[in-house]
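Q: Next one to model:
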Amino acid sequence: MSRRMLLPLLLWPLLFSGILAVMAFMSNAAAHEIRPAHLEIAQSSPSRYTVTWRTPMLSGMRLPVVLRFPDSVRNVTVPAERNLPDSLVESRVIETEDGLSGKRVEFVGLQATITDVLVRVHLMDGSVSTSMVRPSQPWVEIAARPARLDVAKTFVMHGIEHILLGYDHLLFVLALMFIARSWRALLLTVTAFTAAHSITLTLATLGFVHIPGPPVEAAIAFSILLLAGEMVRIQKGQASLTAQRPWMVAFAFGLLHGLGFAGALSDLALPAGDIPLALLFFNVGVEIGQLMFIAIVIFAVGLVRKVNWAPYVGRGAFFAATYVIGTMASFWFVERIMAF
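A: Numbering: from 1, shown residues only. Sure, this is the predicted structure:
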């Protein structure tokens, strides 16, 4: 056996182990992910603002983040706390002589967490700004005039982040790509999945459909496990309706995945008036992230073919992907069932 043939064969066991380790790490991180915090600031006079600060609870403990305003800001009322089943809400009125415009509000301790903060600012002139604060930059600067594209940018980025960090959704898309054996089938399959999850995402976000999150998440894991089983059947050369019409399976399970996407928006506790616009741009972000992932996979496959490794890694790639997908789906399914 030549060295050119031996190298990819030696890489597959290492790659397979690495993928399992990475996916296990990502699963563990996802399992400990908590809902975003929410800061709302409403201007009631040129110098006064009503502040509502909601922090999520995890195992009975509040998010270890402290809200810090500039030194020129003072409390008009004592912060009043209200305990909810899943969060702690703090309300107060603050005052600053020259207003908050151009000033920075900090979230001390956010950099040590894996959650985000949705910040909404209502000014007296009727303008509303919405932004998402990440742990990598734990502060927000209050703008005097919110940019028109702020909402679009915030929710498009939130949609991209949600799909790229939604490892179960990505594994489902990857399985669909392995099952769709032609460009036409891939196009139909991705389109069907997009259409389906857009339908249920919209219905769930607008309140027409409501299904508790834990059963949905467990069912999503089970849908991935079923696809892994179909991949095994295809590998053995057995007839499969999934292989013949993958778009039908993508549409059916896409309805389920849309309910999972809706949970990301419901966690933000948006006012009813903001939901339609947030829904539109969040869905756009999800589709952009999905296309980015598909493009990366296609690029990787093209790279393998370009260096003439396809004859040696083709079956190995399908075999490794099948069992990685099946293993992770089984783990997620059992984990989510146990969490009921």
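Q: who touches stretch 74-93?
A: Residues from elsewhere that reach stretch 74-93 (CB atoms under 8 Å, 6 or more residues apart in numbering): 35, 44, 48-57, 62, 67, 94-96. Using the backbone N, CA and C atoms, a C-beta is placed for each residue, glycine as well.
Q: From those, list just the buried residues.
A: Buried by 16 or more other CB atoms under 10 Å: 35, 49-51, 53-57, 67, 94-96, out of these.
Q: Among the residues you listed, find the lowest-pLDDT one for me.
A: Checking pLDDT across these, the minimum falls on Arg35 at 75.
Q: Can you tell me how far that residue is from Ile114?
A: 11 Å (CB to CB, to the nearest Å).
Q: Same check on Asp150?
A: Counting by CB to CB, the gap from Asp150 to Ile114 is 24 Å.
Q: Kindly report the same for Asn283.
A: For Asn283 relative to Ile114 (CB to CB), the value is 24 Å.
Q: Phe293 now?
A: On the measure of CB to CB, Phe293 and Ile114 end up 21 Å apart.
Q: coming back round to it: out of Asn283 and Ile114, which sits in the busier spot?
A: Asn283 (22 against 12; other CB atoms under 10 Å).
Q: how about the strands in the stretch 1-150 of the chain?
A: For the stretch 1-150 of the chain, applying DSSP state E, counting those that start in this stretch gives strands covering 37-43, 48-58, 61-62, 66-68, 74-75, 80-83, 87-95, 104-108, 117-122, 128-133, 139-141.
Q: nearest to Ala204, of the buried ones among the contacts of stretch 74-93?
A: In terms of CB to CB, no member of the buried ones among the contacts of stretch 74-93 lies closer to Ala204 than Arg35, at 16.3 Å.
Q: Now do the contacts for that closest one.
A: Contacts of Arg35 by CB under 8 Å, 6+ apart are Pro56, Asp86, Ser87, Thr115, Asp267.
Q: so which one among those residues has the lowest pLDDT?
A: Across those, the member with the lowest pLDDT is Asp267, scoring 73.
Q: Relative to Leu277, how far out is the closest residue to that one other than its chain neighbours?
A: Distances taken as CB to CB, 6 or more residues apart in numbering put Arg35 closest to Asp267, at 4.4 Å, once the chain neighbours are dropped. Arg35 sits 21 Å away from Leu277, going by CB to CB.
Q: Kindly report the same for Val119.
A: From Val119 to Leu277 the distance is 16 Å (CB to CB).
Q: These two - which one has more neighbours?
A: Counted by other CB under 10 Å, Val119 and Leu277 do not tie: Val119 has more neighbours, with 21 against 14.
Q: Does that one touch Gln137 like I think?
A: No - contact criterion CB atoms under 8 Å: Val119 and Gln137 do not qualify, at 12.0 Å.
Q: Now stretch 331-340: buried residues?
A: So, applying 16+ other CB under 10 Å, buried residues of stretch 331-340: Phe331, Trp332, Phe333, Arg336.
Q: Equivalent analysis for stretch 293-304, please.
A: Buried residues in stretch 293-304 (16+ other CB under 10 Å): Phe293, Ile294, Val297, Val304.
Q: now swap in stretch 104-114 and tell me
A: Under the neighbour-count criterion of 16+ other CB under 10 Å, stretch 104-114 has Val105, Glu106, Phe107, Leu110, Thr113 buried.
Q: and that stretch, how far from the chain's centre?
A: Relative to its chain's centre, stretch 104-114 lies at 20 Å (CA atoms, centre = their mean, to the nearest Å).
Q: Pull the residues that contact it.
A: With CB under 8 Å, 6+ apart, stretch 104-114 has contacts from 29, 32-34, 37, 39, 41, 63-70, 117, 119, 133, 135-136, 138-142.
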